[in-house]
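Novice: Dropping a prediction and its sequence here:
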Amino acid sequence: MRIDGKGIIDRTRPVSFRFDGREYGGYKGDTLASALLANDVRLVGRSFKYHRPRGVLTAGSEEPNALVEVVGRTNQTPNVRATVQEVFDGLEARSQNRLGSLRFDLLAVNDLMAPFFSAGFYYKTFMWPRAFWEKLYEPAIRRAAGLGSLSGRHDEGVYEKAHAFCDLLVIGAGPAGLMAALVAARSGSDVILADENPMLGGRLVSDLGHVGGTPAAIWVAAVEAELRSLPNVRIMTRTTVTGAYDHGTYGALERVGLHKPARPNLPRECFWRIVAKRSVLAAGALERPIAFPMNDRPGIMLASAVRTYLNRFGVVPGKRVTLFANTDAARATVRELMAAGVQVAAIVDPRPDASSVEDCPVHVGAEVVDSRGRHGLREITVRKGAEEFRIETDCLAMSGGWNPTLHLTCHMNGRPRWNEDLAAFVPSEGAVPGLLAAGAANGTMSTHGALAAGRAAAVEALEALEIRPAEVAVPAAEDAPYAVTATWAVSGTKSGAGGRAWLDFANDVTVKDVRLAAQENYRSVEHMKRYTTQGMAPDQGKTSSVAALAVLADATGRGIPETGTTTFRPPFVPVSIAAMGAGGRGAGFAPQRFLTSDQASRDRGAPMTEAGLWYRPSYFPKPGEATWKEACDREVMMVRQAVGVADVSTLGKIDLQGRDAARFLDFVYTNTFSTLPVGRVRYGLMLREDGLVLDDGTTARLGDSHFLMTTTTAGAGLVMRHLDFVHQAFCADWEVRFISVTETWAQFAVAGPRARELLSGYLGQPVELPFMGVAPVQIGGVEGRLFRISFSGEEGYEIAVPTRYGEALFRDLLARAETMGGGAYGMEALNVLRIEKGFITHAEIHGRTTAFDIGMEKMVSAKKDCIGKAAAARPGMVGPEREQLVGLKAAAPISAGAHLFRPGDTVERVNDQGYVTSVCWSPTLNAWLGMGFLLDGRARHGETVRLVDHLRGIDVPCEVCDPVFHDPEGGKLRA
Amino acid sequence: MRLTCPLCGDRDRREFYYYGSDDYLDRPGPEAPASAWDDYLHNRDNPAGITRDLWYHEQGCAQWLAVTRSTVTHEILRVELVAGLKGARE
């Protein structure tokens, strides 16, 4: 019910929204919870386990009950707290966890079965028969359990992530936070003030207090205006700081567009990483419920929530309100209700010495012991001494005191301290380096105390940063002492009716469950939590943890400090994975690297394949070719018989220069480069320090102290990091510098018997480069480089130009090749060509092979040290017990990943002789070819082995041979 | 987690590649016995307390850094350029 003249909602801007298909009206500034309460909708959901009718318990992000699904055009978000979700025109929300309608949930039958659903129910009940689990129990449990549901479709919403930096991060904009921010702002420091509410003020806008002699809301508005006018202050509303991490890093979730109708490019949420030199935790405190029997009916709410709905939203959740509270402070709620003309039926105060002077009946030394009302509260039972009586009421405001919101101080292993006076845990100092807790979050409950603590925290933080703090006076404000006598749980009526008293509303955990856990010897708080599931719902036990462990302490005869708390871990509120992973979906998952020839290849219809982050053409289909294999076979024969052009720019290129460059190469390669003449290229093998092969490639000597190294496509980053390490760790004083030039040069292979003819024609002069030579070339005034190297086994060249000329060169080379019976070839043909020639790739040098294994042990120079040399000579790294590289020839299809066996052996792991790394159909040799590793393989050429691949149903005899199938003498290379 | 690179300043840990213990800096000579190489390659302490390990500022200045830190408190005590350490020169 809405009260005229109350609240700070914008009554000039009505909005219309839907809940469970029905249209309701609210105002801008309403939350879904306040708007539903204004429409007298008290029943908003069903509980997790018993499917009990539930209403709104709180007015904040700690809400355990009022969880709804918000349905958008492209999104369906479950477990949205109605107390946080703001209403807007077109908002569509649904109650969840029901079968049938909300009022007649068929699964409410669970409530009747409650005696069977005690703690540990699942563990005890669904043990046998075993076969029932899959067929009956699990589907039934899955149907009944869980809260909201997902759409099952991709979330098409926009999410963002961002970084921010500041001197001082102030978490929470209540009295302590505002004061801290004000001091820091006036001191000229860089301030971020974050608050999860849409507005600043915290309790100051919910309680009708005064600050500095003016109504609190006016003081808040003045401070906000000043903060907003300063360039060194950033105010982040709707932003919950969710976690505290190492070195001043904080996670925060901003609700950017969740309070507005969706529109393209409006982010729903933004996940912030805020790096703060210092921070002030001014997150306030959370009021706690009292566990009295049947305390879960819609209409039973926290007293502070009733006060917030009255003062911030102008809403009263009932016509006849009662209060059950154990502090003086909570009575302000009913006084304000009475002042607003709301009938207050009674105050029930468990403290025997509490004051009974109010403008309504007060029952001192009394407790609420039962409640009634099917879909909402209708009546409570009060016990005073031996007497029990009923009071008609539709809204019970309850308060069991306050718990400081200290969660962030526990995110880095900090343990809170028990404070007997507050009957609550308070933060341990220094639990998060650089973070100071202030105000209610630190156990200072009065408004004046919070203002003063906020100032003190800011001054301390600024002084630590050597910033002179500005003088700011603490304004006058309420400074009443906060006194509380803990009231955790209340026993039932004399008749023993009702009985269940809820601690954790979200997971339906009652006092009885916690006592049962203790009785069954789950006495540790961590065990109790897991056995009962207390604190494991989306709210993470914000309103229940302390009471639950107090009940456990009582049941086990220990004190609360000895019982201890469970660990609060990030995030403080649920954070959608979509926000944390913003930008990481689809093409955002990995950057895409495109070749200069990309468009030219796509123009020719080439499908692309991924090579690391690169996209390379698979093959270039011609009209009439039905499969990739037809294109591939043609391209292979084209290179063998005429000329082919392929983009090989993805290979890593590292430019090394300096007097000691050759010496450095001698150290990182197994073989020697200092003897390489200028103008020549040499193949090099690089080991890891543990003796296994790291990478291979050619290195050209462009000048006396100038080399150009190539790496494999996959190994480019790895090799760069390795070279940097070797240089900086072992020979930092050598005169050598190197840099990646992979993207500086576009490079194309021109291979085949007519390659020289093509290039001579193109360059306008006869090409007379010896095998493994390099020379500068001029291409229409552009300085390029020509290498005579081959990865195909044919006479081969690679021509390189600065990247910006790459596409033009590729198109030119192709145009010429196509007039000569040649053309482009893709990755498939490139792979066949290299297998035919026995050239290795990372399929072979996969991190477990030595130079010996691949038959290159002679490349490890005996005359010098190199990285990996000592380890490569260790026992077990060389010898017949190693699996060695061999070629395999077969008449039927074979597969990479297959294993090799002796023909007479059974196919079992113990008989495994090796495995296959690469295979192809060779159109050159008309056979299936493979490369693989076979035990003592080099001594077994000519033998027949059995190749078995269970996955693909392949079982084929293969001939073991030298891995170089094509032109073993290398005559074609040197032609 | 944040590291203060001596060249680039205070940076998020996502800019760095983690390698391992600074034992990797003490490379045995080519004639060292196999046991020395085994120690160098495989044997590592796992201290609860101060440790020094190697990080590579891969998305920054490409410098290898020796980071002295506490595995208990996560405090970073010192960040040095590997290239500037004594013993990094032959």
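Specialist: Structure received.

Novice: C-alpha only now, for contacts and for neighbours.
Specialist: Will do.

Novice: Quick one: classify the residue lying closest to B:Ala36 once chain neighbours are set aside as helix, strand or coil.
Specialist: Take B:Ala36 and drop its neighbours on the chain: the residue closest to it by C-alpha to C-alpha, 6 or more residues apart in numbering or on different chains is B:Pro28, 6.6 Å away. With DSSP: H, G, I helix; E, B strand; the rest coil as the basis, B:Pro28 sits in coil.

Novice: what residues are up against B:Pro28?
Specialist: Contact analysis of B:Pro28 by C-alpha atoms under 8 Å, 6 or more residues apart in numbering or on different chains lists B:Ala36, B:Trp37, B:Tyr40.

Novice: low-scoring stretches of chain A, by residue?
Specialist: Within chain A, the stretches with pLDDT under 70 are A:115-146, A:494-498.

Novice: the strands in chain B, which residues?
Specialist: Along chain B, the stretches classed as strands by DSSP state E are B:2-5, B:9-12, B:17-21, B:50-56, B:64-70, B:76-81.

Novice: again with the stretch 51-200 of chain A
Specialist: If DSSP state E, counting those that start in this stretch is used as the criterion, the strands of the stretch 51-200 of chain A fall at A:53-54, A:67-71, A:76-81, A:92-95, A:159-171, A:191-194.

Novice: Nearest residue to A:Ala458 in space, ignoring adjacent ones along the chain?
Specialist: Using C-alpha to C-alpha, 6+ apart, the nearest residue to A:Ala458 is A:Ala180, at 4.8 Å.

Novice: ok, that neighbour - contacts?
Specialist: By C-alpha under 8 Å, 6+ apart, the contact list for A:Ala180 reads A:Val170, A:Val280, A:Gly454, A:Arg455, A:Ala456, A:Ala457, A:Ala458.

Novice: Export those to CSV and append columns for secondary structure and neighbour count.
Specialist: Below are the contacts of A:Ala180 laid out as CSV (DSSP: H, G, I helix; E, B strand; the rest coil; neighbours: other C-alpha atoms under 10 Å in any protein chain shown):
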residue, secondary structure, neighbour count
A:Val170, strand, 32
A:Val280, strand, 26
A:Gly454, helix, 31
A:Arg455, helix, 29
A:Ala456, helix, 19
A:Ala457, helix, 27
A:Ala458, helix, 31
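
Novice: can you pull the contacts of the residue nearest in space to the middle of chain B?
Specialist: When C-alpha atoms, centre = their mean is applied to chain B, the residue found nearest the centroid is B:Leu54 (1.9 Å). For B:Leu54, the contacting residues are B:Tyr18, B:Tyr19, B:Gly20, B:Ser21, B:Asp22, B:Trp64, B:Leu65, B:Ala66, B:Val67, by C-alpha under 8 Å, 6+ apart.

Novice: leaving aside the residues next to it on the chain, what's closest to it?
Specialist: Going by C-alpha to C-alpha, 6+ apart, B:Leu54 has B:Ala66 as its nearest residue, at 4.8 Å.

Novice: Tell me if I'm right that the one you found and B:Arg52 touch.
Specialist: Yes: counting by C-alpha atoms under 8 Å, B:Ala66 sits close enough to B:Arg52 to count as a contact (6.3 Å).

Novice: Which neighbours do these two have in common?
Specialist: B:Asp22.

Novice: where in chain B is pLDDT low?
Specialist: For chain B, the stretches flagged by pLDDT under 70 are B:86-90.

Novice: Chain A contacts on that one?
Specialist: Residues of chain B found near chain A (C-alpha under 8 Å from any C-alpha of the partner chain) are B:1-2, B:25, B:30-31, B:34, B:37, B:41, B:56, B:58, B:62-64, B:74-75, B:82-84, B:87-90.

Novice: who has more neighbours, B:Ala66 and B:Arg52?
Specialist: Between B:Ala66 and B:Arg52, B:Ala66 has the larger neighbour count (other C-alpha atoms under 10 Å in any protein chain shown), namely 25 against 20.

Novice: those helices in the stretch 851-975 of chain A, which residues are they?
Specialist: With DSSP state H, counting those that start in this stretch, the ranges of helices along the stretch 851-975 of chain A come out as A:869-872, A:971-974.

Novice: Okay, and A:Leu286 sits in which element?
Specialist: Taking DSSP states H and E as the criterion, A:Leu286 maps to strand A:285-287.

Novice: do A:Phe725 as well
Specialist: Here A:Phe725 sits within helix A:716-730, counting by DSSP H and E.
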